[in-house]
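Chemist: coords please:
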Amino acid sequence: MKLTSTAFAHNSTMPSEFTCDGQDLSPPLTISDVPSNAKSLVLIMDDPDAPVGIWDHWVVFNIPPSTKEIPKGTEPKGTAGKNSWGRTGYGGPCPPSGTHRYFFKLYALDSELNLPEGSAKKELEMTMQGHILAKAELMGNYKRK
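Modeler: Next up, the predicted model:
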């Protein structure tokens with residue numbers, strides 16, 4: 001399984017339009033090689049370099065496994081989870097200091113998750129245990145000017 005973006009390459013700088021310094025839009029993502037037996041996808045974007053611990057920027061689950069792309073500035077079909085700001089939807093990079101890494105993690109699952117909208121990443125990760133068929137990752141970094 002692969003997760004890529006036309007806006008930035010893996011391990012490169014994310015353009016400012018996808019951050020708090022720009023329009024705070026979600027980047028365009030392309031999904032390929034999803035296992036044929038997948039029943040749902042999960043997308044998590046987090047920042048392990050945040051001073052308070054891992055900061056969750058975007059959490060979406062029960063995405064249809066037939067999804068091939070998530071256009072710029074859109075939410076994928078599925079169920080929105082809660083980010084670290086306590087709301088659903090995408091929240092772009094806005095690091096207080098230094099360069100931070102932002103990991104977009106895509107999981108293919110053998111089932112849908114029976115969780116309500118607004119569930120936190122921790123709940124998803126516990127419920128996903130034993131159901132992950134494949135994982136793909138894309139990492140971008142960003143430093144405020």
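Chemist: got a list of what the residue sitting furthest away from the middle of the chain touches?
Modeler: Distance from the centre of the chain peaks at Lys145, with 23.9 Å (Cα atoms, centre = their mean). Lys145 makes contacts with Asp21, as judged by Cβ atoms under 8 Å, 6 or more residues apart in numbering. For the C-beta atoms, the positions are set from N, CA and C on the backbone; glycine is no exception.
Chemist: how much space between it and Lys122?
Modeler: 33 Å (Cβ to Cβ, to the nearest Å).
Chemist: which parts of this structure are helices?
Modeler: 121-128 (DSSP state H).
Chemist: tell me where it has strands.
Modeler: 2-4, 12-13, 29-32, 40-47, 55-63, 69-70, 79-80, 100-109, 132-142 (DSSP state E).
Chemist: turn these into JSON lines, columns for mean neighbour count.
Modeler: Shown next, in JSON lines, are the strands of the chain (neighbours: other Cβ atoms under 10 Å):
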{"stretch": "strand 2-4", "mean neighbour count": "17"}
{"stretch": "strand 12-13", "mean neighbour count": "12"}
{"stretch": "strand 29-32", "mean neighbour count": "18"}
{"stretch": "strand 40-47", "mean neighbour count": "23"}
{"stretch": "strand 55-63", "mean neighbour count": "23"}
{"stretch": "strand 69-70", "mean neighbour count": "20"}
{"stretch": "strand 79-80", "mean neighbour count": "20"}
{"stretch": "strand 100-109", "mean neighbour count": "21"}
{"stretch": "strand 132-142", "mean neighbour count": "17"}
